[in-house]
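S.K.: Got a predicted structure here, sequence first:
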Amino acid sequence: MEIQLLTVGTRMPSWVSEGYREYARRMPRKCVLKLAEIPPGRRSRSQPVAKAMAEEGRRMLAAIPGDNQVIALDVTGRSWSTPKLAEQMRGWMQDGRNLSLLVGGPDGLFPDCLQRAGQRWSLSELTLPHPLVRVLVAEQLYRAWTIINGHPYHRA
């Protein structure tokens, strides 16, 4: 299975890139984690936010392979414990399709992206910085994989 982490934003601080790479590198070949960055829409005083979000949304939807299962990371989604995420991941792996995880820009995901998603996942009720979300998701996916495979990384 290939997991595509599809995020809005392109120029991340080095700690974000290094943190993401560390956990993506740990994932096995049968469950590869790949990052796809979407350039943010233009935002200015004269440009409505909705137009920027629509631009991001169109780019994001175009980057999703047609048969991928889609999960939107959104504050309105379901919050999962780490063991529950492992159960979810086991189900995604058994489904046989690749997976696209959608992370919006500073104003969230475009409504069409939310509609395309089969599930919505909320990391927290807190507002998290989008760069941190990349690292957090990568680590949690690695942790879920270790639970599924009986690896001692996760200590319950």
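M.R.: Now that the structure is in, tell me what you want to look at.
S.K.: hey, let's count contacts and neighbours off CA atoms from now on
M.R.: Fine.
S.K.: which residue is nearest the centroid of the protein?
M.R.: Closest residue to the average C-alpha location of the chain: residue 101 at 3.6 Å, with CA atoms, centre = their mean.
S.K.: Quick check: that one is in a strand.
M.R.: Yes - counting by DSSP: H, G, I helix; E, B strand; the rest coil, one finds residue 101 located in a strand.
S.K.: Show me what the helix ranked longest in the chain is packed against.
M.R.: Ranked by number of residues, the top helix in the chain under DSSP state H is helix 130-148. Judged by 3 or more CA pairs under 8 Å, 6 or more residues apart in numbering; DSSP states H and E, helix 130-148 is in contact with helix 14-26, helix 82-95.
S.K.: Any idea what the residue nearest to the centre of the chain is bridged to?
M.R.: residue 5, residue 71 (DSSP bridges).
S.K.: before we move on, back to that, quick one: distance of the longest helix of the chain to the chain centre.
M.R.: Centroid displacement of helix 130-148 relative to its chain, using CA atoms, centre = their mean, to the nearest Å, is 9 Å.
S.K.: could you give the mean pLDDT of it?
M.R.: For helix 130-148, the per-residue pLDDT values average out at 96.
S.K.: Any buried residues in it, and which?
M.R.: Neighbour counts over helix 130-148 (16 or more other CA atoms under 10 Å) mark 130-131, 133-147 as buried.
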